[in-house]
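>>> this is the structure alone, sequence omitted:
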């Protein structure tokens, strides 16, 4: 298992300048790598029973997250066909045709 860490940056381009200015986050990637190392070190110190309890806890949390999310999702409340991009696309087509966008 390998992890790739790449610093991300957003840029802002000024119209009156030809130079692109980048935002740089301090201590990237060193601080996140140090944090990952500390976390893996602490996990490696766990006994087998503790590691199994951690995996059980994470598994239950993921199960709860997806079950709750599926029940409370917008698609479940309004119907999945309303969530798809096709409905919004038709709405904007009507505007381009000279309509007001309402169906």
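Perfect, I can see it now. It should be emphasised that the depicted structure is a prediction, and the values quoted were computed from it without experimental measurement.
>>> helices of the protein, residue ranges please.
Using DSSP state H, the helices of the chain run over 30-44, 48-72, 74-78, 80-83, 85-96.
>>> dump these to JSON lines, plus mean neighbour count.
Bear in mind the C-beta positions are built from the backbone N, C-alpha and C, glycine included. Output for the helices of the chain, formatted as JSON lines (neighbours: other CB atoms under 10 Å):
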{"stretch": "helix 30-44", "mean neighbour count": "11"}
{"stretch": "helix 48-72", "mean neighbour count": "10"}
{"stretch": "helix 74-78", "mean neighbour count": "11"}
{"stretch": "helix 80-83", "mean neighbour count": "12"}
{"stretch": "helix 85-96", "mean neighbour count": "10"}
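>>> using JSON lines, lay out those helices together with distance to residue 18 and mean pLDDT.
Formatted as JSON lines, those follow (distance: least, CB to CB, whole Å; pLDDT from 0 to 100):
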{"stretch": "helix 30-44", "distance to residue 18": "32", "mean pLDDT": "96"}
{"stretch": "helix 48-72", "distance to residue 18": "46", "mean pLDDT": "95"}
{"stretch": "helix 74-78", "distance to residue 18": "44", "mean pLDDT": "79"}
{"stretch": "helix 80-83", "distance to residue 18": "42", "mean pLDDT": "71"}
{"stretch": "helix 85-96", "distance to residue 18": "35", "mean pLDDT": "53"}
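>>> in TSV, list the ones you listed along with distance to residue 24.
Output for the helices of the chain, formatted as TSV (distance: least, CB to CB, whole Å):
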stretch	distance to residue 24
helix 30-44	13
helix 48-72	33
helix 74-78	37
helix 80-83	37
helix 85-96	35
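>>> for residue 19, which of those is the nearest?
With CB to CB as the measure, helix 30-44 is the member of the helices of the chain nearest residue 19 (26.7 Å).
>>> okay, angle between that closest one and helix 48-72 too, please.
Relative orientation of helix 30-44 and helix 48-72, computed by axes from the mean of the first three to the mean of the last three CA atoms, to 10 degrees: 120 degrees.
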